[in-house]
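In: structure for the following, please:
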Amino acid sequence: MSLSFTRSAERVVAASTLVPGGVSSNFRLGVSPTPLVVTHAEGPYVFDADGNRLIDYYLGMGPMILGHNPPEVVGAVKAQIDKGLLFAAQTEVEYEAARLVCELVPCADRVRFNCSGSEAVQAALRLARAATGRPTILKCEGHYHGWFDNVVWSVAPTPGEFGDADQPAHIGGTAGLDPFADRALDVVVWNDLDRLRRRLRRGDVAGLIMEPAMCNTSAIAPEPGYLEGVRALCDETGTVLIFDEVITGFRVAPGGAQALLGVTPDLAVFGKAIANGLPVAAIAGRAALMDMTVTRKVMHGGTYNAHPLGMAATVATLSTIADGRIHAEIARCGRRLMEGFGTVLRDRQVAGRVQGFPQIFHVALGRREPIRNYRDATAADKAAYVRLTTAMLSHGVRALERGPWFLSSVHDDAVIDRTLEVFDAALAESAG
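Out: This is a model prediction of the structure:
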């Protein structure tokens, strides 16, 4: 029997008189059949206003690597509450969180904390300009680095807007943008070393920011040798290399994608899985760059930076994942799920592509060939995939409509088995 989401739909509509669209983030709009109102969550499940129990692969859009309400994180936060909420001072739990980040992350000589990845990105860009004295930040087409005006360009252009691959068009990602906000920004196609080489050798780029593995759109690994080539080009041209690991950090490995893939940036930004659901982000990197916040007075501030509750959650999360056993188990279950989806697609003779990391992978319909960059990703049949995720939701499995699947340490074999059953049934329904 298909589940009903009537109560969620009614609550979202009613709440829109108080909260625009009934949501506080535009990324929660337009979900089929309705944005959900969640009452509580536990382990791999969320429970909604209609009383449905749903296997959850949103995982807060990535943060919940230990699942919902893990006792080690909840206990640490409750213990910190008894000590106080905010002090406008430093705490030992902040320093312990910093120690863990610096031990786990290859680039991290120093770290500072923020509340969101968007903020941490801005700090990284500022440091790159201060270090080089150059004006331009270079980003990659289809990569997302936050919602601020100076970076929300060419995040999701349509094929008709791309422009030439040698010089991609600057496509604003929202109405209301400062029309001059991209004056110090340029865009390149990702996973293409030759085009990047030509652009960097012009000598005006302060910092190159990219996802080391493209997980905001699809889940695309770098081509063999690409990141190594990027690192060499940045060294050659004096460009600060910034990895946006808001998604991959602490998710694909305890030290993030840079540890897994063996290429170390100058700076990196983190969020999501760093604190398993608390609003914590970080910027980490080489001491000479990070210390410019003091030696060069590069402004970096925030009332809620290193908030004690978030720091307690960070310590609990990073301590739990540090030895890699959590990631190994997630990888085992994630590979089962990826392989199972591939088998179902083949058996039902549906064109589809499953690729990425077992801790965060992507499913696309309408395409069997590897997806190498954002332009490839747009060839997928998004409407068919939305029909699939809508059908899966009606059978109790919640997956993001844009294709990524996030796994946690509590998505065990029984959960995987049930998900594969639902995927098979929903694919038959939605393709019929």
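
In: and the longest helix along the chain, what does it pack onto?
Out: As assigned by DSSP state H, the longest helix anywhere in the chain is helix 325-347. Helices and strands touching helix 325-347, by 3 or more Cβ pairs under 8 Å, 6 or more residues apart in numbering; DSSP states H and E, are strand 352-357, strand 360-365, helix 413-431. Yep, even glycine has a C-beta here, placed from its N, CA and C like the rest.

In: most neighbours per residue, which of those?
Out: Among the helices and strands packed on helix 325-347, ranked by average contacts under mean count of other Cβ atoms under 10 Å, first place goes to strand 360-365 (a mean of 24).

In: can you list contacts of that one?
Out: 62, 215, 218-220, 247-248, 251-252, 334, 337-338, 341, 350-356, 371, 377, 380-381, 384-385, 388, 403-407 (Cβ atoms under 8 Å, 6 or more residues apart in numbering).

In: can you do 6 Å?
Out: With contact meaning Cβ atoms under 6 Å, 6 or more residues apart in numbering, strand 360-365 is reached by 215, 218-219, 251, 338, 352-356, 380-381, 384-385, 403-406.

In: and for stretch 93-107?
Out: By Cβ under 6 Å, 6+ apart, the residues outside stretch 93-107 that reach it are 108, 111, 254-255, 258-259, 264-265, 268, 284-285, 306, 308, 311-312, 314-315, 318.

In: hey, C-alpha coordinates of the helix or strand hosting H40 in PDB?
Out: Using DSSP states H and E, H40 maps to strand 38-42. Output of strand 38-42 as PDB, limited to C-alpha atoms (Å, rounded to 0.1, in the frame of the first residue of the first chain):
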ATOM      1  CA  VAL A  38       9.400  15.500  10.100                       C
ATOM      2  CA  THR A  39       8.500  14.900  13.700                       C
ATOM      3  CA  HIS A  40      11.600  12.900  14.800                       C
ATOM      4  CA  ALA A  41      14.300  10.600  13.600                       C
ATOM      5  CA  GLU A  42      16.300   7.600  14.800                       C
END
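
In: so who does the spatially closest residue to H395 that is not a sequence neighbour touch?
Out: Once flanking residues are discounted, H395 sits nearest to V422: 4.5 Å by Cβ to Cβ, 6 or more residues apart in numbering. Contact partners of V422, counting by Cβ under 6 Å, 6+ apart, are 392, 395, 397.

In: I330: which of these is nearest?
Out: The shortest gap between I330 and any of those belongs to V397, at 17.5 Å (Cβ to Cβ).

In: hmm, that closest one is touching R53, no?
Out: No. Taking contacts as Cβ atoms under 6 Å, V397 lies outside contact range of R53: 10.7 Å.

In: of the two, who's got more company?
Out: Shown here are V397 and R53; by other Cβ atoms under 10 Å, V397 has more neighbours (21 against 13).

In: is the more buried one bridged to anything, and to what?
Out: Note on V397: beta-bridge partners I55, judged by DSSP bridges.

In: who's in contact with it?
Out: By Cβ under 6 Å, 6+ apart, the contact set of V397 is 55, 419, 422.

In: cutoff 8 Å now
Out: Going by Cβ under 8 Å, 6+ apart, V397 touches 54-55, 57, 418-419, 422-423, 426.

In: farthest-separated two in those residues?
Out: L54 and F423 (14.2 Å).

In: before we move on, the earlier item: redo the helices and strands packed on helix 325-347 as a markdown table? Include distance to A322.
Out: As requested, the helices and strands packed on helix 325-347 are exported to a markdown table (distance: least, Cβ to Cβ, whole Å):
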| stretch | distance to A322 |
| --- | --- |
| strand 352-357 | 19 |
| strand 360-365 | 19 |
| helix 413-431 | 24 |
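
In: which among the ones you listed is found nearest to S8?
Out: When those are compared by Cβ to Cβ, helix 413-431 sits nearest S8, at 19.1 Å.

In: could the C-alpha coordinates of the closest one be exported in PDB?
Out: Only the C-alpha atoms of helix 413-431 are listed here, as PDB (Å, rounded to 0.1, in the frame of the first residue of the first chain):
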ATOM      1  CA  ASP A 413      22.200  -5.100   5.700                       C
ATOM      2  CA  ALA A 414      18.500  -5.300   6.500                       C
ATOM      3  CA  VAL A 415      18.000  -1.700   5.500                       C
ATOM      4  CA  ILE A 416      20.000  -2.200   2.300                       C
ATOM      5  CA  ASP A 417      17.900  -5.300   1.500                       C
ATOM      6  CA  ARG A 418      14.600  -3.400   1.900                       C
ATOM      7  CA  THR A 419      16.000  -0.500  -0.100                       C
ATOM      8  CA  LEU A 420      16.800  -2.800  -3.000                       C
ATOM      9  CA  GLU A 421      13.300  -4.300  -2.900                       C
ATOM     10  CA  VAL A 422      11.800  -0.800  -3.000                       C
ATOM     11  CA  PHE A 423      14.100   0.300  -5.800                       C
ATOM     12  CA  ASP A 424      13.100  -2.700  -8.000                       C
ATOM     13  CA  ALA A 425       9.400  -2.100  -7.400                       C
ATOM     14  CA  ALA A 426       9.500   1.600  -7.800                       C
ATOM     15  CA  LEU A 427      11.500   1.300 -11.000                       C
ATOM     16  CA  ALA A 428       8.900  -1.000 -12.500                       C
ATOM     17  CA  GLU A 429       6.100   1.400 -11.400                       C
ATOM     18  CA  SER A 430       7.700   4.700 -12.600                       C
ATOM     19  CA  ALA A 431       8.900   3.200 -15.900                       C
END
